[in-house]
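[1] Okay, structure incoming, though there's no sequence with it:
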DNA sequence: CTGAAAGCGCTTACAG
DNA sequence: CTGAAAGCGCTTACAG
C-alpha cells in the first residue's frame, strides 16, 4: 500500500482535477455518476485515505467530540460510567464522529485547567460525563465551545444536560413493590449525601403517599455516614417487608446483613436496588434493580451535542432519560 | 474571548511576523527571550488557541493516539480494562498526546473494517487493548500505521506487545502460600480456556515443583466449563488447605461455595485470587489477590508507541509488566 | 458536468 | 535574531 495518496494523485491518475475527485469522494453533486464510480474505484485501488487534518483546517470541523470525566467516575461507580462512555463511543461512530477522552485529575479540576483537546481545538464539542465542579463548568462556558453535561446538573446554571429520572424511577420501583402487595416499605440510603439520592427518596415517598401508606422513621436506614463512608447497616427492631435501596451496593450490603442476621431474602424481606451494576448479579439472591438506559443517555448526549455544534443553538435543554425495572430474585409477591 | 485568533493576528498586534510568533510559542530557538515573553503574554491576552489541524497538516503528526478495544472488554472484565484505559489517558496526557477511543462491534471485528480514525489519519499510532482476532491485526499491519497490542499476543505474529507476567505472578502467589506454611494447595480454573490461565496454572505448578510438593488431580477444580460458561464448583472429597484461583471471580465463587458448605475461609481453607477486581473487595472475607500494575501497562504502552511513531522502529519488542500481591483477609498462616 | 483560484493556519528550510 | 516564501491536503465559491 502506497503511503500518502492525495486527491491530487488520484486526479492525475485519472486525468481529471482534484476538485472533481473531492466532490466525487465526499458525495457532493456536480460529478457524473460514471466518473464518480471510476474515481471511487481508483481511490480504493490506490489505497487513498483522506487527511482529516486538511479537511478540518478548511471546514473548521474536526469531526471529533471530547469526553471529559474525572478519575473518580472511572473508579467508584465504575461500571455505570464505563457503560455510558462505551455507548457514547458507539453512538458517535454511527454519526461518523470520533471521540477523544480526557480524565481530569483532582488537581486539574481544582486549577480549572482546560484539557489540551480544548485548547488545541481538537474537538467540535464536549460531553462532561459525571459531576464536575461548577467553577470548572463556568470556565468551560467562557471558552465558547459547545458542551453538554451528562448525568448531573446545577440548577443555577443554564447549560444543556442529560439526566436520569431518579425521582420517577424510584417512584416506579416503589409502586412495583406495592403492586406486589408490600405495605411496609423501607428506604436504605443517606439522603444528605447527594441530590440524586434525595430524588430517589422523594420518589419513594410519592409512591407511598399515593397509596396512603404511612412511613416510619425506623424504616429509613443508612448505608453510609454523612461523609459518604460505608458503614455497618443497623437493622430496625421490626423489619418492613421490603426495602428500596439508593443503589445496588447498598442493596448488596443490606442483603448480606439480613442474611447474616438469619433473615431470608426475599422470603422475609424483599429488596430492590438501583443502577444495575455488577453487585446486583453477584449477589445471592440476584438483585431486582432499576436500570438506567445508558444507551439512551449516549444517544441523547450525542444528538444534543451535534445539534449544538451544527446549529449553534443557544437555548438550553434539559433532557430526561427513562429507566426500567430489571426483575431478578430479590423481590417476592405477598399473598 | 475573541474567536479564531491566529498566529497572524498576534504577529500584527506586535508588529512582528507569524514565523517569529510560531517559534516563540512552540519553544523553538531563534527568538530573543524578551520578544518570546512578550509574544507569550500577548497570545494569552488575546485568547490564542493553536489550531492543531493546521499543525498536523504541516507536520504529519496529529498528536493523537488511538485505542481499539471491543465491547466484550468493557463489559465482562470491565474494571480491569477500564483501569488500563484510564491510565493510558492519563499517561498520554503527560506526553501531550490525546487519545481517541473506538470500540469495535463484533461485526466490525469480523469484517476487518478498520475504524474511521485509522482511515482518516486522525491518529499517529494505535493501541489494541484486549484480545482481538489475528486476522484483524493482520489487516491493521497492512495499513502501515504503528501499533502495539496490549494484554495479549499471538506467538506467530511479530508485533509489539505489552503483557502481564501471568506465569511469574502465579508462581509468586503460590510461593507466598507455601511461605505461609501451606503444603496442600489446589488450583481453581479451567486450563483449556485461555493461554493466560495456562500460564497461571503452570506458574502454580512451578512453585509446587520447586518445593517438591506433589499435586493431586483432585486439587484441580473448575469454575467454568470448556465453553467458558460459569458452572457450579464441585469441591473435592478432601479439601486442600489453600487454593490459587485463576481470577477473582473464581475466588469469589469458591468462597461462596465453601461458606455454604460450612467451611470457613481462611480458617479451613485459604484463597488467593487474581486481578484485584471489585469481587475481591466485595467478598467476605476480602480476597488476597494479585494485582497487575495497570499504571505500568499504560506507561509501557505509551512509551513504546511513542518510540514506534518517532523512530519508525521496525524491530519488535515484547514487554512484560510486573504484578504484586495485595494482602487481604482470605489467607491464613499455618502453624 | 468540470476546472482554475484562493485560502484554511500552521511550520520548515532558507536568506538576510 | 528576524522574516519572505513555499507548501501541507483539502474544500469552497465561482467561472466556463
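    The structure has been received and is ready for your questions. Just so we're clear, the structure is a prediction, and the values are computed from it rather than from any experiment.
[2] low-confidence ranges in the stretch 1-150 of chain A?
    A:1-3, A:76-78 (pLDDT under 70).
[3] And the strands in the stretch 101-250 of chain A, which stretches?
    Along the stretch 101-250 of chain A, the segments classed as strands by DSSP state E, counting those that start in this stretch run A:125-129, A:147-150, A:161-164, A:185-188, A:220-221, A:242-245.
[4] ok, the closest residue to residue A:321 other than its chain neighbours - how many residues close by?
    Once flanking residues are discounted, residue A:321 sits nearest to residue A:296: 4.7 Å by Cβ to Cβ, 6 or more residues apart in numbering or on different chains. Every C-beta, even on glycine, is put in place using the N, C-alpha and C of the backbone. Counted by other Cβ atoms under 10 Å in any protein chain shown, the residues lying close to residue A:296 total 18.
[5] Just name the most buried of the strands of the stretch 101-250 of chain A.
    Of all the strands of the stretch 101-250 of chain A, strand A:242-245 carries the top mean neighbour count, a mean of 30, counting by mean count of other Cβ atoms under 10 Å in any protein chain shown.
[6] contact partners of that one?
    Contacts of strand A:242-245 with the rest of the structure, by Cβ atoms under 8 Å, 6 or more residues apart in numbering or on different chains, involve A:170, A:173-174, A:177, A:180, A:182, A:184-189, A:200, A:204, A:221, A:223, A:251, A:254, A:269-274, A:331.
[7] among these, which are in helices?
    Using DSSP state H, the members of those that fall within helices are A:170, A:173-174, A:177, A:200, A:204, A:251, A:254.
[8] how about the residues of chain A near DNA strand D?
    Proximity of chain A to DNA strand D, by Cβ under 7 Å from any atom of the strand, involves residues A:4, A:6-8, A:18-19, A:22-23, A:25-26, A:28, A:30, A:48, A:50-51, A:54-55, A:57-59.
[9] just the residues you listed that are near DNA strand C?
    A:19, A:23, A:30, A:54, A:57-58.
[10] Throw together a ChimeraX command that grabs the buried residues out of those.
    ChimeraX command restricting those to the buried ones, with burial defined by 16 or more other Cβ atoms under 10 Å in any protein chain shown:
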select /A:23,54,57
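[11] Now for the ones next to DNA strand C among the residues of chain A next to DNA strand D: which two are most distant?
    Farthest pair in these (Cβ to Cβ) is A:30 and A:57. Separation: 22.3 Å.
[12] rewinding a little: show me which positions of the strand or helix carrying the residue nearest to residue A:321 end up buried.
    Using DSSP states H and E, residue A:296 sits within helix A:294-311. Residues of helix A:294-311 classed as buried by neighbour count (16+ other Cβ under 10 Å): A:294-302, A:304-309.
[13] picking up where we left off before, in helices, which of the residues of chain A next to DNA strand D fall?
    Those of these lying in helices (DSSP H): A:7-8, A:18-19, A:22-23, A:25-26, A:54-55, A:57-59.
[14] show me what contacts the residue nearest the centre of chain A?
    Nearest residue to the geometric centre of chain A (Cα atoms, centre = their mean): residue A:84, 3.9 Å. By Cβ under 8 Å, 6+ apart, the contact list for residue A:84 reads A:129, A:150-151, A:294, A:297-298.
[15] how far away is it from DNA strand D?
    For residue A:84, the distance to DNA strand D (Cβ to the nearest atom of the strand, to the nearest Å) stands at 32 Å.
[16] quick one: that residue is in a strand?
    No: the assignment for residue A:84, made by DSSP: H, G, I helix; E, B strand; the rest coil, is helix rather than a strand.
[17] Of all residues in the stretch 1-150 of chain A, which one is closest to DNA strand C?
    Distances between the stretch 1-150 of chain A and DNA strand C by Cβ to the nearest atom of the strand are smallest at residue A:30, namely 3.1 Å.
[18] thinking that residue is in contact with residue A:21, fair?
    No: applying Cβ atoms under 8 Å, one finds residue A:30 not in contact with residue A:21, separated by 11.8 Å.
[19] ok, which residues in chain A are in contact with DNA strand C?
    Residues of chain A lying near DNA strand C (Cβ under 7 Å from any atom of the strand): A:15-17, A:19-20, A:23, A:29-33, A:35, A:54, A:57-58.
[20] quick one: which of those residues is nearest residue B:68?
    Nearest member of the residues of chain A next to DNA strand C to residue B:68, counting by Cβ to Cβ, is residue A:54, at 23.7 Å.
[21] Could you identify the most distant pair in the residues of chain A next to DNA strand C?
    Most distant of the residues of chain A next to DNA strand C, by Cβ to Cβ, are A:33 and A:57, 29.8 Å apart.
[22] how close does the residue nearest to the centre of chain A get to chain B?
    When distance is defined by Cβ to the nearest Cβ, to the nearest Å, residue A:84 is 11 Å away from chain B.
[23] ok, how many other residues are close to residue A:93?
    Other residues close to residue A:93 by other Cβ under 10 Å number 20.
[24] That one is in what secondary structure piece?
    helix A:78-94.
[25] Flag every buried residue along that helix.
    For helix A:78-94, by 16+ other Cβ under 10 Å, it's A:78-93.
[26] Also stretch A:151-166?
    So, applying 16+ other Cβ under 10 Å, buried residues of stretch A:151-166: A:151-154, A:159-166.
[27] what do you get for stretch A:35-53?
    Result for stretch A:35-53 [16+ other Cβ under 10 Å]: buried residues A:36, A:39-40, A:42-43, A:48-53.
[28] again with stretch A:133-149
    For stretch A:133-149, using 16+ other Cβ under 10 Å, the buried residues are A:136-137, A:140, A:145-149.
[29] from those, which single one is nearest residue A:113?
    residue A:136 (9.3 Å).
[30] do you know how far that closest one is from residue A:123?
    Noted for residue A:136: a distance of 16 Å to residue A:123, by Cβ to Cβ, to the nearest Å.
[31] cool, residue A:173 as well?
    For residue A:173, the distance to residue A:123 equals 37 Å [Cβ to Cβ].
[32] now do residue A:68
    Distance from residue A:68 to residue A:123, by Cβ to Cβ: 10 Å.
[33] Residue numbers of the stretch 51-200 of chain A in contact with chain B?
    For the stretch 51-200 of chain A, the contact set with chain B under Cβ under 8 Å from any Cβ of the partner chain comprises A:51-54, A:56-57, A:62-64, A:71, A:74-75, A:78-79, A:82-83, A:85-86, A:89-90, A:93, A:96, A:98-103, A:105, A:115-122, A:142-144.
[34] on that earlier part again, the inter-axis angle of the helix holding residue A:296 versus helix A:78-94?
    50 degrees (axes from the mean of the first three to the mean of the last three Cα atoms, to 10 degrees).
[35] Would you confirm that residue A:92 contacts residue A:99?
    Yes: assessed by Cβ under 8 Å, residue A:92 is found in contact with residue A:99 at 4.8 Å.
[36] who touches both of these two?
    residue A:65.
[37] need the contact list for the closest residue to residue A:174 other than its chain neighbours.
    Spatially, and ignoring its direct neighbours in sequence, residue A:174 is nearest to residue A:207 (3.5 Å; Cβ to Cβ, 6+ apart). Listed by Cβ under 8 Å, 6+ apart, the contact set of residue A:207 reads A:170-175, A:178.
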